[in-house]
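Novice: Quick one: sequence and predicted model below, then my questions.
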Amino acid sequence: MPADTISTEQLRDLLSAGRPVTVVDIRIAADREWSIPGSLHMDAYDAVNAGSLGLLAGRDLGPDPVVTVCGIGRTAAKATALLRARGVKALTLEGGMRAWSLAWNTAEAAASGHRVVQVRRTGKGCLSYIVGSESEAVVIDASVDPSVYVRLLKDHGWRLRAVVDTHIHADHLSRSRALAQQEGAELWLPAQNRSRHPFRPVDDGDRIRFGSDALVALRTPGHTAESTTYLLEQAAAFTGDTLFLAGVGRPDLEGGSDEESASRARQLHQSISRLLTLPSSTMVFPGHVSEPIAFDGQLLATTIAEIGERVALARLTGPEFVEAVLARIPPSPPNHSLITDLNERGELPEDPSELEAGSNRCAVA
């Protein structure tokens with residue numbers, strides 16, 4: 001690696017440790033749908049390509065190391081050269097935001113006496129989970145490299161018993177099959193006929209046992225037909241893309257007519273109503289958040305009671321809910337058809353970052 005670059009892993013380690021570093025994102029505003037937490041946004045992209053620092057020239061960036069960022073790193077490398085010529089300790093994020101899409105951090109919580117490790121892709125907002133009981137654990141919605149989970153399992157002294165997904169994902173490539181194969185664990189997916197690889201089907205009420213406990217499947221269709229929430233007793237609900245901290249899943253990514261999307265929205269309302277009958281203290285662990293995830297170790301979760309207060313859509317009647325959700329559908333996730341197809345086939349490309357770069361768009365708020 002050149003001396004004037006820094007890798008995603010190195011920058012992740014600096015931010016995780018709270019080390020001083022100034023990240024400068026030089027992309028134009030239209031390209032900054034997602035970003036690195038705490039980064040400075042300075043629209044210098046065109047100026048740098050023209051050979052000058054533009055807005056960067058008049059900015060005191062302080063004494064800390066500076067990391068320049070753009071889409072794939074090429075223009076940021078020019079900015080680094082211009083800054084270093086002025087004596088600034090500048091480095092380029094190798095691979096830019098495309099590479100950063102694979103960066104992750106963690107937070108931990110206790111739920112009903114069990115440890116829950118929340119594994120977060122900081123750029124895409126994908127949330128996955130390791131749930132431990134005694135010496136065994138289950139991974140839910142694996143979205144980072146399998147080696148990350150293997151390392152975290154080892155750190156906690158857990159053996160992987162099962163890997164489960166809440167649904168067929170459309171905005172990121174599932175690593176669940178690869179992790180299960182690598183560790184010799186069972187792969188559980190919601191019962192459906194879309195997946196074209198071996199898996200153990202999960203139906204409503206099925207129990208996935210690990211240690212002295214079990215995850216109980218609660219079918220919650222609407223985002224997709226097979227969407228399933230996993231309950232850890234009555235203490236925690238891993239809701240995937242059905243229910244978020246401040247919104248609900250979108251019902252349109254399976255395609256079809258407007259009436260088919262409306263039908264799925266009605267199913268989604270019924271599913272969320274079912275979730276809201278859980279005890280008010282039940283913790284909700286969603287599959288995504290919409291903002292870049294800071295390296296602060298703060299858990300991204302809420303309770304059923306707080307959902308009722310925070311998510312206005314959850315308080316609507318069925319017809320009101322359907323009308324509001326369909327009126328607020330965001331743009332489709334980038335490459336979602338290709339990603340869905342690969343997930344149905346259980347395949348991972350050698351470099352997933354090209355397909356996955358960009359924010360997730362699975363929520364309606």
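Specialist: Done, it's in.

Novice: C-alpha from now on. contacts and neighbour counts both.
Specialist: Will do.

Novice: hang on, Asp241 packs against Cys362?
Specialist: Yes. Asp241 is within contact range of Cys362, at 6.9 Å (criterion: C-alpha atoms under 8 Å).

Novice: list residues touching both of the two?
Specialist: Gly249 (C-alpha atoms under 8 Å, 6 or more residues apart in numbering).

Novice: Please name the bridge partners of the residue nearest the centre of the chain.
Specialist: Most central in the chain under C-alpha atoms, centre = their mean is Cys126, positioned 0.4 Å from the mean C-alpha point. When bridges are called by DSSP bridges, Cys126 pairs up with His288.

Novice: List the contacts of it.
Specialist: By C-alpha under 8 Å, 6+ apart, Cys126 lies in contact with Arg120, Ser143, His172, Gly287, His288, Val289, Asn360.

Novice: ok, now how distant is it from Asp141?
Specialist: Remark: distance between Cys126 and Asp141 (C-alpha to C-alpha, to the nearest Å) = 9 Å.

Novice: can you check Ala76 too?
Specialist: Ala76 is 33 Å from Asp141, by C-alpha to C-alpha.

Novice: who has more neighbours, the two?
Specialist: Ala76 (29 against 26; other C-alpha atoms under 10 Å).

Novice: and that one, what are its phi and psi?
Specialist: phi -60, psi -40 (degrees, to the nearest 10).

Novice: need the contact list for it.
Specialist: With C-alpha under 8 Å, 6+ apart, Ala76 has these contacts: Ile26, Thr68, Val69, Cys70, Thr92, Leu93, Gly96.

Novice: same question, His288
Specialist: The contact partners of His288, taken as C-alpha under 8 Å, 6+ apart, are Gly125, Cys126, Leu127, Gly240, Asp241, Phe244, Asn360.

Novice: quick one: it from Gln182, how far?
Specialist: 25 Å.

Novice: try Gly222
Specialist: Distance from Gly222 to Gln182, counting by C-alpha to C-alpha: 32 Å.

Novice: quick one: which of these two has more around it?
Specialist: Legend: neighbour count by other C-alpha under 10 Å for Gly222 and Gln182, higher for Gly222 (28 against 12).

Novice: That one contacts Arg264, correct?
Specialist: Yes. Using C-alpha under 8 Å, Gly222 is in contact with Arg264, at 4.6 Å.

Novice: Next, show the common contact partners of these two.
Specialist: Taking C-alpha under 8 Å, 6+ apart as the contact criterion, the residues that touch both Gly222 and Arg264 are Pro251.

Novice: Can you give the domain ranges for the chain?
Specialist: As recorded under automatic domain parsing, the domains making up the chain are 5-99, 104-364.

Novice: what's near enough to touch the residue lying closest to Arg219 once chain neighbours are set aside?
Specialist: Distances taken as C-alpha to C-alpha, 6 or more residues apart in numbering put Thr228 closest to Arg219, at 4.4 Å, once the chain neighbours are dropped. Thr228 makes contacts with Thr166, His167, Pro190, Asp204, Ala217, Leu218, Arg219, Thr220, Pro221, Thr239, Gly240, as judged by C-alpha under 8 Å, 6+ apart.

Novice: I'd like to know how far Thr228 sits from Val116.
Specialist: 19 Å.

Novice: Please apply the same query to Pro349.
Specialist: On the measure of C-alpha to C-alpha, Pro349 and Val116 end up 29 Å apart.

Novice: More neighbours: which of those two?
Specialist: Taking other C-alpha under 10 Å, Pro349 and Val116 do not tie; Val116 has more neighbours (22 against 10).

Novice: so is that one in a helix, a strand, or just coil?
Specialist: strand (DSSP: H, G, I helix; E, B strand; the rest coil).

Novice: Leu153 now?
Specialist: Criterion first, three-state DSSP; result for Leu153: helix.

Novice: With Gly308 instead?
Specialist: helix.

Novice: Count the residues that sit near it.
Specialist: If we define neighbours as other C-alpha under 10 Å, then Gly308 has 14 of them.

Novice: Identify the residues contacting it.
Specialist: With the criterion set at C-alpha under 8 Å, 6+ apart, Gly308 makes contact with Leu276, Ala314, Arg315.

Novice: Return the per-residue confidence for it.
Specialist: pLDDT for Gly308: 89.

Novice: give me the element Val284 is part of.
Specialist: Val284 belongs to strand 283-286 when assigned by DSSP states H and E.

Novice: Provide the strand pairings for that strand, with the direction of each partner.
Specialist: Here, using DSSP bridges, strand 283-286 pairs with strand 236-240 (parallel), strand 302-303 (antiparallel).

Novice: Can you show me the CA trace of stretch 106-126 as CSV?
Specialist: Coordinates of each C-alpha in stretch 106-126 appear next as CSV, following Å, rounded to 0.1, in the frame of the first residue of the first chain:
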residue,chain,number,x,y,z
THR,A,106,-20.1,-3.2,17.1
ALA,A,107,-22.2,-2.6,20.2
GLU,A,108,-23.4,-5.0,22.8
ALA,A,109,-26.4,-5.5,25.0
ALA,A,110,-28.1,-7.9,27.4
ALA,A,111,-31.5,-9.2,26.6
SER,A,112,-33.2,-11.6,29.1
GLY,A,113,-29.8,-12.4,30.5
HIS,A,114,-28.2,-13.2,27.1
ARG,A,115,-25.5,-11.3,25.3
VAL,A,116,-26.4,-9.7,22.0
VAL,A,117,-23.6,-8.4,19.8
GLN,A,118,-24.9,-5.9,17.2
VAL,A,119,-22.6,-5.9,14.1
ARG,A,120,-23.1,-2.7,12.1
ARG,A,121,-22.0,-1.8,8.6
THR,A,122,-21.4,1.8,9.3
GLY,A,123,-21.9,3.2,5.8
LYS,A,124,-24.8,1.1,4.6
GLY,A,125,-26.5,1.0,8.0
CYS,A,126,-27.0,-2.8,7.9
